[in-house]
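Student: what follows is a predicted structure for the sequence shown.
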Amino acid sequence: MDTKRSCRLIRSSKTYHGKQGFDYAEAISKESADSQAICMMLLTILPGQRATAHLHQAHETAIYMIEGHSAMWYGDNLEQHMELEKGDFLYIPAGMPHLPYNPSATESCTCVISRTDPNEQESVLLLPDLDALWDTKLKP
């Protein structure tokens, strides 16, 4: 048995501001638990809030909607759109450009996010050219 490694209980009391523009509740990561291959966090998206367009290089993402309703533009040019509701699961393949947002003007939405990158922000690549589409093409 590896005596350096052990189970870790994380009581999420910290938040961090991600490159994408959201504030995440810290949970499981290389930084908090010395995880080797996963990162998991809790995200609440405030009414009308959106991320910047981005992708996660070489890392997959899995999302579970706990509460509320959210939406996301995705694809090479953010040409595809989907909406998520409470109880939905979402898979985002590595390298997929996406721009999630909360379409509600009054209600927050909350989800659990996990990635195959153990670091909280290492694989995030911002896409400013695609982000510029929000005001001209994507904004509801």
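Tutor: It's in. Residues are numbered from 1 along each chain as shown.
Student: list the strands paired with the helix or strand of the chain with the lowest mean pLDDT, with their directions.
Tutor: Using mean pLDDT, DSSP states H and E, strand 15-17 stands out as the lowest-scoring helix or strand of the chain, at a mean of 85. Counting by DSSP bridges, the strands paired with strand 15-17 are strand 23-28 (antiparallel).
Student: got the buried residues for the helix or strand following the strand it pairs with?
Tutor: Downstream of strand 23-28, the next assigned helix or strand under DSSP states H and E is helix 30-33. For helix 30-33, burial by neighbour count (16 or more other Cβ atoms under 10 Å) applies to K30, S32, A33. C-betas here are computed from N, CA, C, even on glycine.
Student: how about stretch 124-140?
Tutor: Under the neighbour-count criterion of 16+ other Cβ under 10 Å, stretch 124-140 has V124, L127, L130, D131, L133, W134, L138 buried.
Student: which of those residues sits closest to L55?
Tutor: L127 (6.6 Å; Cβ to Cβ).
Student: list the contacts of the nearest residue in space to that closest one that is not next to it in sequence.
Tutor: The shortest distance from L127 to any non-neighbouring residue, by Cβ to Cβ, 6 or more residues apart in numbering, is to A53 (4.3 Å). Going by Cβ atoms under 8 Å, 6 or more residues apart in numbering, A53 touches W73, L78, P97, H98, L99, L126, L127, P128, L130, D131, L133, W134.
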